[in-house]
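# Provided below for reference: sequence and predicted model.
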Amino acid sequence: MKDKFFNYIHELQDTITSKLEAIDGKATFQEDIWKRPEGGGGRTRVIQNGNVFEKGGVNISGVHGKLPDSMQAYFGVEDADFFACGLSLVLHPKNPMVPTVHANWRYFEMYNKNGEIVDQWFGGGQDLTPYYLFEEDGRHFHNVCKSVCDKHSLEFYPKYKKRCDEYFYNSHRSEARGIGGLFFDYCKKSESMAMQNWYDFVTDVGDSFLEAYVPIVEKRKELDYSKEQRNWQEIRRGRYVEFNLVHDKGTLFGLKTNGRIESILMSLPPHVQWVYDHHPAEGSEEEKLIKVLQEPKNWI
């Protein structure tokens, strides 16, 4: 299973980066191949200063070795080894009318001292972080998410949409990072879902990413915007940074397993602001966004 999924994310990375370069029309992805001293490595691709994308990364990795003590304590195991692979992407567009997007799809195995698999699971999802709220964009993104979920179970979309709303939440701000999408983790073998079934589901979600995001980019990338709207985008990016550095499990896992720092922190935007005690004007488009972030919305 691990080889099959690792091959899949290699192909998906090529598909996504090729499409994004075509949309941008100027910038191309810089590729870095890196190795982890303890075992494994990855292929980082970063795009910067483009016509559309100010900064973005589409990264894959496959790492293995002894599970760090902190992670062994977390999982309640001793003397365990692990293998983890996945694709992680974040795109920060230049135009504040185009939302930031995040997605990842991953697979994990844990082994005992005899090298036998004692646990394995899939995880991942995709979510949207707008700076200005176009409700039709939210409906489009969530409809794609629901469509792919419904192919596998009618329970998946409401379940994983709710988990996304709960996970991508800045509890210290009492607001969501964005307008959600899907989040699933620890997807293990059960009576109703074999590991092959989970593989089919996760890869279908991965294949749906461009369908969910690209039409929104194409629709919004040429819209006019003001300096004030750009400032608002940078202030909201500050909230994005706060989530990634304070709450995000993927960031913390990468740091605790001696992952490549540049790849882990590629999700951080290049231009960001923290303005003391900032509040949007009453009745403004900025306030409209905040109200939605304070109370999860049903988009379908």
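Okay, I see it.
# where does the stretch 51-200 of the chain have low pLDDT?
Segments of the stretch 51-200 of the chain classed as low confidence (criterion: pLDDT under 70) are not present in this model.
# change it to 80
Per-residue confidence of the stretch 51-200 of the chain (counting by pLDDT under 80) places the weak regions at 70-72, 74.
# a helix runs through Phe184, doesn't it?
No: secondary structure of Phe184, determined by DSSP: H, G, I helix; E, B strand; the rest coil: strand, with no helix assignment.
# host element of the closest residue to Trp232 other than its chain neighbours?
Nearest residue to Trp232 in three dimensions, chain neighbours excluded: Glu286, at 5.4 Å (CB to CB, 6 or more residues apart in numbering). To be clear about C-beta, it is placed using only N, CA and C from the backbone, and glycine gets the same treatment. Using DSSP states H and E, the secondary-structure element containing Glu286 is helix 285-294.
# for Val148, same thing?
In the assignment (DSSP H and E), Val148 maps to helix 135-150.
# other SSEs contacting that helix?
Counting contacts by 3 or more CB pairs under 8 Å, 6 or more residues apart in numbering; DSSP states H and E, helix 135-150 packs against strand 117-129, helix 156-167, strand 180-187, helix 195-220.
# now the ones you listed in a markdown table, with distance to Arg36?
Formatted as a markdown table, those follow (distance: least, CB to CB, whole Å):
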| stretch | distance to Arg36 |
| --- | --- |
| strand 117-129 | 20 |
| helix 156-167 | 26 |
| strand 180-187 | 22 |
| helix 195-220 | 23 |
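# please tabulate these in a markdown table and include distance to Tyr74 and mean neighbour count as additional columns.
Putting the helices and strands packed on helix 135-150 into a markdown table (distance: least, CB to CB, whole Å; neighbours: other CB atoms under 10 Å) gives the following:
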| stretch | distance to Tyr74 | mean neighbour count |
| --- | --- | --- |
| strand 117-129 | 13 | 21 |
| helix 156-167 | 17 | 19 |
| strand 180-187 | 12 | 21 |
| helix 195-220 | 22 | 18 |
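# looking at the ones you listed, which is nearest to Arg260?
When the helices and strands packed on helix 135-150 are ranked by proximity to Arg260, the top entry is strand 117-129, at 19.8 Å, counting by CB to CB.
# tell me the helices and strands packed up against the closest one.
For strand 117-129, the packing partners by 3+ CB pairs under 8 Å, 6+ apart are strand 100-111, helix 135-150, helix 156-167, strand 180-187, helix 195-220.
# what's around the closest residue in space to Tyr107 that isn't next to it in sequence, how many residues?
Ranked by CB to CB, 6+ apart and with sequence neighbours excluded, the top spatial neighbour of Tyr107 is Phe5, at 4.6 Å. In terms of burial, Phe5 registers 23 neighbours under the definition other CB atoms under 10 Å.
# swap in Ile23?
Other residues near Ile23 come to 17 when the count uses other CB under 10 Å.
# can I assume it sits in a strand?
No: residue assignment for Ile23, taken from three-state DSSP, gives helix, which places it outside any strand.
# what comes into contact with stretch 148-166?
The contact list for stretch 148-166 (CB atoms under 8 Å, 6 or more residues apart in numbering) reads 125, 127, 142, 145-146, 176, 180-185, 197, 200-201, 204-205, 207-208, 296, 300.
# again but with stretch 205-222, I slipped
8-9, 12, 15-16, 19, 23, 52, 87, 89, 91, 93, 95, 97-99, 101, 103, 105, 124-126, 128, 134, 137, 140-141, 144-145, 147-149, 181-182.
# can we see that at 7 Å?
The set of residues external to stretch 205-222 that reach it, using CB atoms under 7 Å, 6 or more residues apart in numbering, is 12, 16, 19, 23, 52, 93, 95, 97-99, 101, 103, 105, 124, 126, 137, 140-141, 144-145, 148, 182.
# now do stretch 277-291
Outside of stretch 277-291, the residues within contact range by CB under 7 Å, 6+ apart are 130, 132-133, 175, 232, 235.
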